[in-house]
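1. quick one: sequence and predicted model below, then my questions.
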Amino acid sequence: MPLADPGPIIAQAHARGLAVIGANVSTIQMVRGVVRAAEDAQRPVLIQFNRSGLSLIGGVDIAAHVVKSIAEDSEAEIALHLDHADTLDELSAAINAGFGSVMIDGSTLPFDQHLTLAQSAKGLVTWSRLSLEAELGHVAGDEAGVTIGDASWTNPDEAARFVEATGVDWLAVAVGNTHGGPAVGGLQAERLQAIRDVAPVPLVLHGASGLTDDELRVAVNLGVAKINVGTALHQAAARGMADWLSENPNDLRGALSQSEVAVREEASTLLAATWAFGG
Ligand code: 13P
Ligand code: ZN
């Protein structure tokens with residue numbers, strides 16, 4: 001199939017009380033592993049690159065070409081998303097390359113500056129008819145390619161103002177979730193519910209690798225329609241390669257193939273579970 005438009009995928013999932021996985025990848029084998037998992041599960045998926053993944057694969061044009069070619073050979077619904085960009089230039093480059101949605105991450109900026117940046121980003125994507133994600137509050141932790149500061153939890157009143165003033169399509173929230181680790185003090189369901197009640201857009205949960213199935217289920221039932229996973233997929237790829245190389249130290253081809261197999265397994269588990277949480 002041709003690359004899918006992420007906007008309707010997320011909107012439909014949100015309307016049905018389901019969540020779509022946003023799978024962060026860095027290699028062709030990871031893209032292939034996630035696409036095979038989407039085929040197995042018969043579920044749509046967003047393939048995501050942040051600047052670390054982009055620098056590994058060779059930039060936005062190569063990333064778009066790789067994902068587009070693999071999607072065209074597949075029956076699965078595959079969309080392409082730019083994750084955690086913090087400049088308008090990064091958004092423009094991805095949009096020109098053919099990404100279907102983008103995230104502007106001003107989450108470490110003061111509120112007013114952040115609002116202005118997100119409004120400019122919305123101007124860019126509206127012109128290209130793409131979807132825009134922004135993060136209010138700040139998801140801390142440890143993630144290659146992501147600007148990390150001190151955690152700050154999303155304020156529901158600010159979320160309402162931010163969504164209204166910027167017109168962002170999807171809002172990433174900080175409700176205990178942490179990049180590359182478990183939620184600090186657990187997922188804050190009450191805060192999530194308060195945000196959901198005032199911000200009428202699909203919510204995005206970053207840092208899902210460290211969340212429990214129960215936390216993910218609660219989140220999906222409280223309006224999260226996109227779940228970002230990166231660390232677990234990269235760990236799976238690394239494990240697949242390391243296991244193979246420990247037995248076959250000179251076989252890079254075999255190791256790369258095993259990284260694809262391991263990512264397919266990890267992504268399949270996530271896809272099956274998260275889709276089943278809602279509805
Ligand atoms: P994890 O690496 O913790 O899964 O988070 C991924 C993420 O938030 C990508 O934006
Ligand atoms: Zn993230």
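-> Received, thanks. These numbers were taken from a predicted model, which means no experiment stands behind them. Ligands and ions are numbered 1, 2, ... in the order given.
2. what about the closest residue to ligand 2 within the stretch 151-279 of the chain, how many residues nearby?
-> When scored by Cβ to the ion, the stretch 151-279 of the chain has His206 as its residue closest to ligand 2, at 3.3 Å. C-beta here means a position set from N, CA and C on the backbone, and glycine is covered the same way. Number of residues near His206 (other Cβ atoms under 10 Å) recorded here: 29.
3. what do you get for Leu124?
-> Leu124 has 16 neighbours, counted by other Cβ under 10 Å.
4. what's the answer for the one 3 residues further on, then?
-> Using other Cβ under 10 Å, Trp127 is surrounded by 9 other residues.
5. buried set for stretch 72-87?
-> Within stretch 72-87, the residues that count as buried by 16 or more other Cβ atoms under 10 Å are 76-86.
6. ok, residues contacting stretch 58-72?
-> Contact with stretch 58-72 is made by 1-4, 28, 31-32, 35, 47, 49, 53-54, 57, 78, 80, 82, 93-94, 96-99, as judged by Cβ atoms under 8 Å, 6 or more residues apart in numbering.
7. does the lengthiest strand in the chain come close to ligand 1?
-> Determined from DSSP state E, the single longest strand within the chain is strand 78-85. Yes - interface with ligand 1: strand 78-85 contributes 83-84 (Cβ under 6 Å from any ligand atom).
8. adjacent strands (with direction) for that strand?
-> strand 45-49 (parallel), strand 101-104 (parallel) (DSSP bridges).
9. in this protein, mark out all the helices, start to finish.
-> For the chain, the helices defined by DSSP state H cover 6-15, 28-41, 51-57, 60-72, 88-97, 111-128, 156-166, 189-198, 213-221, 231-247, 252-277.
10. tell me which parts of the stretch 101-250 of the chain are close to ligand 2?
-> By Cβ under 5 Å from the ion, the residues of the stretch 101-250 of the chain that approach ligand 2 are 206, 228.
11. Ala159: how many residues sit nearby?
-> 23.
12. that one reaches Ala172, doesn't it?
-> No - counting by Cβ atoms under 8 Å, Ala159 does not reach Ala172; the two are 10.5 Å apart.
13. quick one, what contacts the residue of the stretch 151-279 of the chain closest to ligand 2?
-> 135, 139, 172, 177, 179, 228.
14. show me which residues of the stretch 1-150 of the chain sit near ligand 1.
-> 24, 83-84, 143.
15. least confident pick among the residues you listed?
-> Lowest in pLDDT among those is Glu143, which has 91.
16. measure that residue to Gly207 for me?
-> Relative to Gly207, Glu143 is positioned 8 Å away (Cβ to Cβ, to the nearest Å).
17. quickly list what's touching both of those two.
-> Common neighbours of Glu143 and Gly207 (Cβ under 8 Å, 6+ apart) are 179-180.
18. the more surrounded of these two?
-> Applying other Cβ under 10 Å to Glu143 and Gly207 shows that Gly207 carries more neighbours, namely 28 against 25.
19. hang on, that one packs against Asn228?
-> Yes - counting by Cβ under 8 Å, Asn228 is a contact partner of Gly207 at 7.1 Å.
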